[in-house]
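Colleague: Need coordinates for the following:
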Amino acid sequence: MENLAVIVPASQRLQRNPTKETVPINATSSDGHQDPAGLDPIMSTSSASTLGYNKGWRRIVRNFSPSWFSVTMGTGIVSLIFITIPFKAAWLHYLGILFFALNAALFFVALGVSGVRYTIWPEIWTVMIQDSTNSLFLGTVPMGFATLIEMWIFVCVPAWGRWAAWVAFGAWVLDCVVAVAVAVSLAVLLMSASHQRSLDSITAAQLLPIAATIVAAGTGAELASIMSDDHAFGVIITCYVLWGMATPLALSVLVMYYQRLALHKMPPREIIVSAFLPLGPLGFGGYTILYLGKMAREIFTRTASLDPIAGQVAYVLGFFVALIMWGFGLLWFSIALASLFMTARDQGVPFNMGWWGFTFPLGVYACSTILIGEELPSVFFKVLGTIFGTAVILLWIVIAAGTAKGAWTGALFHAPCLANIKKNENGKPVDPDQAEKLERTPT
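Modeller: Numbering: from 1, shown residues only. Predicted coordinates for the structure are as follows:
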């Protein structure tokens, strides 16, 4: 089974050395299944010494791509849904804490495995960054971390007091730095890449690094509710800047993505779930601007900042912007459902890591729906948000079971971008930055 979170663009496929015979180790069979050994797609016959990289724990670590952090995003949003569901119950609170603990374990295990991966094979980092699809999933790292910060704010700070609030503040600053670094650096790398990409190769995954900054802004809005007034004011201003950096860019990408859909039709069945990704920046973008308005109404008045009416204006504008973004998200949700239905009916949808794209986007859209319902107040929005949230929880159960099965069999541990790692005559990996020099070496 192919891990579609790390599809290698055609322009970045491995260039074979015509002077050497190559042997397809992990060719895809006619029925679409990968060889169970899960080895690199193309390897030189002289590289037999590298076969040890593709056995046991080394194979798992070597093929542990950034897309695995989407598991922490999906698990984290489930924990938040249990906490934010408007119809409160003690058992929902305890389930939220349980998923919080599970998500923390998953995140730090994924972080540790990734650290080992790039320590043992540093050349993989360069290859991954240069891959215009795989690198986009770096945005899932700060977003997964942000869900931990939010749960810390909702659960740990009320129980443990001020020191827990300062821990949340420090973690949020770190998350902001990483989110902005990922969004800016990947945008620059995308624009400065040596290869050209056609419009039909564009997917909604382009939104991932941008959405990381929006999620950081939303987390900061929640953080402001537990900080002192002076610190909260600075956090709110920072969050407005973060929201302004990312949301207009996300809307621009949606325009480009809509053009791609209009001209080249729906994405392939393997990545059709990515049609739900626009719900992420629209859902959490609306949630963020509304929550910031709530906090601005309180903090601006108490700190005598700007005009006394500034907080009220921020709140009213925030509500209507959130409502407009919710409506825009409803359109994309309808398009995604129709695309998924037609694809599943005609071709079927194979399971892969991309299925985690069901959880977080729909989850943040549910949170936005619930918050709008609380501010109106409106029972309709509260019930609708609860329905969305329940759907996310059920989807998590199905997807988590499929992921556990795929991880146990090893089918999901496959990173096609590793085929771009060039090897020298002894079969040893060569840093891609040295590839041009290697190709000029006489054979």
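Colleague: For this protein, which segments count as helices?
Modeller: With DSSP state H applied, the chain shows helices at 56-62, 69-84, 90-120, 122-130, 140-151, 157-160, 162-192, 208-224, 229-264, 279-303, 310-346, 359-375, 379-409, 435-439, listed in chain order.
Colleague: Of all these, which one is nearest A419?
Modeller: Comparing the helices of the chain by their distance to A419 (CB to CB), the top pick is helix 122-130, with 9.0 Å. (C-beta placed from N, C-alpha, C; glycine too.)
Colleague: who touches the closest residue in space to I81 that isn't next to it in sequence in this structure?
Modeller: Taking CB to CB, 6 or more residues apart in numbering, and ignoring the residues beside it in sequence, I81 has G389 as its nearest neighbour in space, at 4.1 Å. Contact partners of G389, counting by CB atoms under 8 Å, 6 or more residues apart in numbering, are 81, 84-85, 363, 366-367, 370.
Colleague: From V215, how far out is the residue most central in space within the chain?
Modeller: Nearest to the centroid of the C-alpha atoms of the chain, with distances taken as CA atoms, centre = their mean, sits T140, at 3.1 Å. Note on T140: its distance to V215, by CB to CB, to the nearest Å, is 10 Å.
Colleague: ok so, going back, could you measure from the residue nearest to the centre of the chain over to G373?
Modeller: Applying CB to CB, the value for T140 to G373 is 28 Å.
Colleague: Ok, I421 next?
Modeller: Here the distance between I421 and G373 works out to 50 Å (CB to CB).
Colleague: How about A181?
Modeller: According to CB to CB, A181 stands 35 Å off from G373.
Colleague: and these two? which has more neighbours close in?
Modeller: Just comparing A181 and G373: by other CB atoms under 10 Å the higher neighbour count belongs to G373, 19 against 15.
Colleague: Just the pLDDT at the closest residue to that one other than its chain neighbours, thanks.
Modeller: Setting aside the residues directly before and after it, G373 is nearest to F381 in space (CB to CB, 6+ apart), at 3.0 Å. Looking at F381, its pLDDT is 97.
Colleague: Neighbours of F381, how many?
Modeller: By the measure other CB under 10 Å, the count of residues near F381 is 21.
Colleague: can you check the one 4 residues further on too?
Modeller: Counted with other CB under 10 Å, the neighbours of G385 add up to 25.
Colleague: Same question for L106.
Modeller: The burial metric for L106, expressed as a neighbour count using other CB under 10 Å, is 19.
Colleague: so who does the closest residue in space to it that isn't next to it in sequence touch?
Modeller: Once flanking residues are discounted, L106 sits nearest to T72: 5.1 Å by CB to CB, 6+ apart. Counting by CB under 8 Å, 6+ apart, T72 touches 103, 106-107, 110, 140, 144-145, 147-148.
Colleague: returning to that earlier point: how close does the residue nearest to I81 sit to S201?
Modeller: Using CB to CB, which is the criterion applied here, G389 is 34 Å from S201.
Colleague: quick revisit: farthest pair in the contacts of G389?
Modeller: The most widely separated members of the contacts of G389, counting by CB to CB, are I85 and G363 (11.7 Å).
Colleague: Show me which of those two is the more surrounded one.
Modeller: In terms of neighbours (other CB under 10 Å), G363 is the more surrounded of I85 and G363; the figures are 31 against 21.
Colleague: could you measure the closest residue to that one other than its chain neighbours against E150, distance?
Modeller: Nearest non-adjacent residue to G363, counting by CB to CB, 6+ apart: I77, 3.3 Å away. Distance, I77 to E150, by CB to CB: 9 Å.
Colleague: do the same with H93
Modeller: Here H93 is placed at a distance of 15 Å from E150 (CB to CB).
Colleague: So the two - more neighbours on which side?
Modeller: Counting neighbours by other CB under 10 Å for H93 and for E150 shows that E150 has the greater number, 25 against 15.
Colleague: List the residues that contact the more buried one.
Modeller: Under the contact definition (CB under 8 Å, 6+ apart), the residues listed for E150 are 76, 80, 219, 222.
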